[in-house]
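Participant: Make a model of this:
(4 chains)
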Number of protein chains: 2
Amino acid sequence: MKRNSRLSLALHTMSHMASDPDRVRTSADIAEHAGTNPVVVRRVLGKLRKAGLLTSEKGHAGGWKLAMEPQKITLADVYLALDERFVSGTEEDTAPSLCSVETGLQKRVADVLGEIEENLVHRLRKMPITDVHPKSCTYCDS
Amino acid sequence: MKRNSRLSLALHTMSHMASDPDRVRTSADIAEHAGTNPVVVRRVLGKLRKAGLLTSEKGHAGGWKLAMEPQKITLADVYLALDERFVSGTEEDTAPSLCSVETGLQKRVADVLGEIEENLVHRLRKMPITDVHPKSCTYCDS
DNA sequence: ACTAATGCAACCAGAATTGTTACGTAACAT
DNA sequence: ATGTTACGTAACAATTCTGGTTGCATTAGT
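Facilitator: The predicted structure follows:
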């Protein structure tokens, strides 16, 4: 894995789980199948848990499971849970040396990127994670 | 600027140029207005030139200009010219230790990300760079 | 000639990312 | 109770990415 590995790992894991929702998986198990490390898995899956998509249990028979029916989880949920924005940057300091017109354009560019981001998420909302797994795909419409 | 600064810089510059297509701008000029460095500007704009969106002239009265009418340039052109894919990673080595079902899912995840990317670009195609710039900009009159 | 601009390579510093080790905590089995 | 299993988290190293900077060659105009 090289780039966007967090999103890839999240999607991989979620679609795996969607195909067998009752099975509890350990981070070691997931890590082996994803070709990475248990700690890395827990790092990423921790965000999904924080977003309410997964539950985790400690102890002997512990592990990870979907927090709801897989049909109700979309790629947008996964994407947003990771809390990484691909196109729109985070709001930050505007260089004070720039004139007001410049900062206006800066803001406008940021707004445009925000709109693109919104469109992207809107699209992802229509893609349930159950469609990632090879057997069926309903969102290939356009 | 912090994140996605290359795309921000490209959009910023392109929309500026769209508002006054005949004016030739030097990288130093652009850099100052964008709050960055001439070399960085040339780095990014070089990609846009390679994609045929800009032209550059050396020498005394040299600088940068749009290669075509601004109405014909979309955000997709700019996005693709940078040759950075936000959602879909580049194709790379599949770990040989994984079973065939796993690599199948890996590929499927990559495919899904590719489709998302396609949708994004499809959206951007409908956004000309002339839409980015705010209506009133005194800098362009100077 | 002289000046002004791009083109390009090299390098540095800081941030981001991934992998790894280590240790604490919680749940279950015996 | 004790041991095993697994998560939770912090800390660290190695790598890559990124932006900034310097330097120099090249080209075009005055």
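Participant: Where do the strands of chain A begin and end?
Facilitator: Taking DSSP state E to define them, one finds strands in chain A at A:54-57, A:63-66.
Participant: Test my guess that A:Leu53 contacts A:Leu11.
Facilitator: No. A:Leu53 is beyond contact range of A:Leu11, at 11.8 Å (criterion: C-beta atoms under 8 Å). Heads up, the C-betas are built off the backbone N, CA and C, glycines and all.
Participant: Between those two, which contacts overlap?
Facilitator: A:Val78 (C-beta atoms under 8 Å, 6 or more residues apart in numbering or on different chains).
Participant: Chain A against DNA strand C: which residues are in contact?
Facilitator: Listed as neighbours of DNA strand C in chain A under the rule C-beta under 7 Å from any atom of the strand: A:1, A:4-6, A:36-37, A:39-40, A:57-62, A:84.
Participant: mind redoing it with 10 Å?
Facilitator: A:1-9, A:31, A:34-44, A:57-62, A:82, A:84, A:86, A:90 (C-beta under 10 Å from any atom of the strand).
Participant: Can you name the residue of chain A nearest DNA strand C?
Facilitator: Residue of chain A nearest DNA strand C, by C-beta to the nearest atom of the strand: A:Gly59 (2.5 Å).
Participant: ok, that residue to B:His133 distance?
Facilitator: Going from A:Gly59 to B:His133 by C-beta to C-beta, to the nearest Å gives 59 Å.
Participant: swap in A:Trp64?
Facilitator: 48 Å.
Participant: tell me the contacts of A:Leu53?
Facilitator: A:Met14, A:Leu66, A:Ala67, A:Met68, A:Ile73, A:Asp77, A:Val78, A:Ala81.
Participant: cutoff 7 Å now
Facilitator: A:Ala67, A:Ile73, A:Asp77, A:Val78, A:Ala81 (C-beta atoms under 7 Å, 6 or more residues apart in numbering or on different chains).
Participant: quick one: the helices in chain A?
Facilitator: A:5-18, A:27-34, A:38-50, A:75-82, A:100-124 (DSSP state H).
Participant: mind putting those helices in a markdown table, mean pLDDT and mean neighbour count included?
Facilitator: As requested, the helices of chain A are exported to a markdown table (pLDDT from 0 to 100; neighbours: other C-beta atoms under 10 Å in any protein chain shown):
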| stretch | mean pLDDT | mean neighbour count |
| --- | --- | --- |
| helix A:5-18 | 95 | 22 |
| helix A:27-34 | 94 | 19 |
| helix A:38-50 | 98 | 17 |
| helix A:75-82 | 97 | 21 |
| helix A:100-124 | 84 | 17 |
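Participant: Could you dump these into JSON lines with distance to chain B added?
Facilitator: Converted to JSON lines, the helices of chain A look like this (distance: least, C-beta to the nearest C-beta, whole Å):
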{"stretch": "helix A:5-18", "distance to chain B": "5"}
{"stretch": "helix A:27-34", "distance to chain B": "6"}
{"stretch": "helix A:38-50", "distance to chain B": "14"}
{"stretch": "helix A:75-82", "distance to chain B": "8"}
{"stretch": "helix A:100-124", "distance to chain B": "5"}
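Participant: Mind putting those into TSV with distance to DNA strand D?
Facilitator: Formatted as TSV, these follow (distance: least, C-beta to the nearest atom of the strand, whole Å):
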stretch	distance to DNA strand D
helix A:5-18	11
helix A:27-34	4
helix A:38-50	5
helix A:75-82	14
helix A:100-124	14
